[in-house]
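Student: Take a look and give me a structure for this.
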Amino acid sequence: MSALPRGVRAAFPALLALLLALPVAGAVHRSSATPYGDRLTRHPAPGAAAGAPVLRIEGPAVRAYGPGPGRAPLWTYRREARTPVAVLAAPGHALALWDDGMVTDTGPRGAVRWHRVMPGAAEGALWALDPGTRMLAVVTPGRVSAYRTDDGDLRWTFPAPADCAFRPRGLLRLGRVLLVPRPCEDPARPWNEGLVAIDALGRVSPTRRPLGNERPREATHSPEKQLRTAVRLNPMANLLAD
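Tutor: Residues are numbered from 1 along each chain as shown. Model prediction:
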């Protein structure tokens, strides 16, 4: 066998080091590729079933099951060093709240659509604000915030007064209205301050001026018409108004 040229022999150590580093570089890329610590595993399924998935919190993960008979697992979603605290399923959406205040939406094909951070949400709960869950309420002791599920856009937020706190899991639904308990420490406050009525447009009040929740291309009604419709549908408006 003929000897290698001197130039090749000189470059051989550098080439060998590069070849040995390639598997390591690939491993680093695979382990740090996902933002927010997302780890999503899709499971083989006979086919995509129509309707909302069945969501379960299983240890540190959210697992989605098909809505049909047998409920085959569809996907498993984990976030590194995080734990889910609440889930809400809707057609086309799998919404989850995590212990770091992150709110996520996962689509039917097992892809995370959006992430939103809400401070203090680790003690919160998720509630649908309309029949199709086009609007999501994240209720925490300190505030209520509403997101448009289509894109995660924050539409409105309503903080509790300093001496009051919302009860995230004690809500009562009356039609399109959610009644949120909000006990306060000050005994001089009127009784109706301990209960807040909200819907997809925000706090129910006959004097409110909602901006609406549609994207610009979807807005077909004026805010004034939306207000009249919301007040007509919400009989608690006058009772619980400021």
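Student: Please make it C-alpha for all contacts and neighbour counts, starting now.
Tutor: OK.
Student: how many neighbours does the nearest residue to residue 202 once chain neighbours are set aside have?
Tutor: Spatially, and ignoring its direct neighbours in sequence, residue 202 is nearest to residue 156 (6.6 Å; C-alpha to C-alpha, 6 or more residues apart in numbering). Close neighbours of residue 156, defined as other C-alpha atoms under 10 Å, add up to 19.
Student: What of residue 188?
Tutor: 7.
Student: got it, and residue 72?
Tutor: Residue 72, neighbours per other C-alpha under 10 Å, totals 17.
Student: With the one 4 residues further on instead?
Tutor: Per other C-alpha under 10 Å, the neighbour tally for residue 76 reads 20.
Student: Tell me the secondary structure at it.
Tutor: The three-state label given to residue 76 by DSSP: H, G, I helix; E, B strand; the rest coil is strand.
Student: Enumerate every residue touching the residue lying closest to it once chain neighbours are set aside.
Tutor: Leaving out its chain neighbours, the residue that sits closest to residue 76 by C-alpha to C-alpha, 6+ apart is residue 63, at 4.4 Å. Residue 63 makes contact with 55, 56, 57, 73, 74, 75, 76, 77 under the criterion C-alpha atoms under 8 Å, 6 or more residues apart in numbering.
Student: change it to 7 Å
Tutor: 55, 56, 57, 75, 76, 77 (C-alpha atoms under 7 Å, 6 or more residues apart in numbering).
Student: Report whether the second one is found in a strand, as I expect.
Tutor: Yes - checked against three-state DSSP, residue 56 lies within a strand.
Student: Could you look up the next helix or strand downstream of the lowest-mean-pLDDT helix or strand in the chain?
Tutor: The helix or strand of the chain with the poorest confidence is helix 6-31; it has a mean of 44 (mean pLDDT, DSSP states H and E). Remark: after helix 6-31, the chain's next helix or strand is strand 38-42, criterion DSSP states H and E.
Student: which residues sit against that following strand?
Tutor: 74, 75, 76, 77, 78, 79, 80, 110.
Student: so how far is residue 118 from residue 169?
Tutor: Distance of residue 169 to residue 118, given as C-alpha to C-alpha, to the nearest Å: 17 Å.
Student: same deal with residue 72?
Tutor: 32 Å.
Student: Kindly report the same for residue 188.
Tutor: Applying C-alpha to C-alpha to residue 188 and residue 118 gives a distance of 31 Å.
Student: Okay, now the unreliable bits of this structure?
Tutor: The model of the chain has pLDDT under 70 over residues 1-34, 45-51, 211, 215-242.
Student: Most neighbours among the contacts of strand 38-42, which one is it?
Tutor: Going by other C-alpha under 10 Å, residue 74 tops those with 24 neighbours.
Student: In its sheet, which strands sit next to whichever helix or strand residue 173 is part of, and in what direction?
Tutor: Element membership for residue 173, per DSSP H and E: strand 172-174. Strand 172-174 has the following strand partners under DSSP bridges: strand 177-181 (antiparallel).
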